[in-house]
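Asker: Make a model of this:
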Amino acid sequence: MSLKWKVELGEWKTLAEQRAASYRLLGELVGGNVVVEHDANGAPFLKDYPSLYISISHCCGAVAVAVNDDVAVGIDVESRRKIGDGLVGRVCTQEEQSAIGASSDPTMQFLHFWTRKEAVLKMRHTGIQGFGSMIEASMATDCVVKEIDCGSADIVAAVAVAKA
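Answerer: You can find the predicted model right below:
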């Protein structure tokens, strides 16, 4: 199995429903039932498929999963929501802030940057604690990042795959 991912749009009412949907998608990708566990850093792994790298993301309106058997992978999905100016300043480079300011849809432009960065951080298993490394994720050279077409103008996603 090489890199595979799935994104599903939906209207789950609870976090438990989002998790259940993401676990179902993981099962579809690996071809069986899955038991998702988390390591000490909170990164998910599949108990019965220890050699697979996985990543899970969910938001209001979508769930996304990625699996890979070669190298680490990270995925993020986000839906349109209110974004505070302070957050933009903390996690975006000056160039990104300029692009957001010039965009006809600043919220979605920000979320394009955010999903790419969070996918990188998930791939590295560092998470986004304190947002300290969000800016640096823009310049990641240890991976390849791709945006994923989710089929909705209000949902964006990205996947990051470590370079072998």
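
Asker: okay, CA-based contacts and neighbour counts for the rest of this
Answerer: Fine.

Asker: Show me what the host helix or strand of Leu121 is packed against.
Answerer: Assigned by DSSP states H and E, Leu121 belongs to helix 106-124. Helices and strands touching helix 106-124, by 3 or more Cα pairs under 8 Å, 6 or more residues apart in numbering; DSSP states H and E, are strand 73-79, helix 94-102, helix 134-137, strand 143-148, strand 155-162.

Asker: The longest one vs helix 106-124, what angle?
Answerer: Between helix 94-102 and helix 106-124, the angle formed by their directions is 150 degrees, by axes from the mean of the first three to the mean of the last three Cα atoms, to 10 degrees.

Asker: Can you list the buried residues in helix 94-102?
Answerer: Glu96, Gln97, Ile100 (16 or more other Cα atoms under 10 Å).

Asker: can you list the residues that contact that helix?
Answerer: Outside helix 94-102, the residues that touch it by Cα atoms under 8 Å, 6 or more residues apart in numbering are Val88, Gly89, Pro106, Thr107, Gln109, Phe110, Phe113.

Asker: try stretch 37-52
Answerer: Contacts of stretch 37-52 (Cα under 8 Å, 6+ apart): 34-36, 53-56, 67-70, 122, 125-126.

Asker: Would you mind writing the CA trace of that stretch as CSV?
Answerer: C-alpha atoms of stretch 37-52 as CSV (Å, rounded to 0.1, in the frame of the first residue of the first chain):
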residue,chain,number,x,y,z
GLU,A,37,-4.8,3.9,19.7
HIS,A,38,-2.6,7.0,20.6
ASP,A,39,1.0,7.2,21.5
ALA,A,40,2.4,9.3,24.4
ASN,A,41,2.3,12.4,22.2
GLY,A,42,-1.3,11.8,21.1
ALA,A,43,-0.4,10.6,17.6
PRO,A,44,-2.8,7.9,16.4
PHE,A,45,-1.7,4.4,15.3
LEU,A,46,-3.5,1.2,14.4
LYS,A,47,-2.9,-1.6,16.9
ASP,A,48,-3.4,-4.3,14.3
TYR,A,49,-1.4,-2.6,11.5
PRO,A,50,1.8,-1.4,13.4
SER,A,51,3.8,-0.8,10.2
LEU,A,52,1.3,1.7,8.8
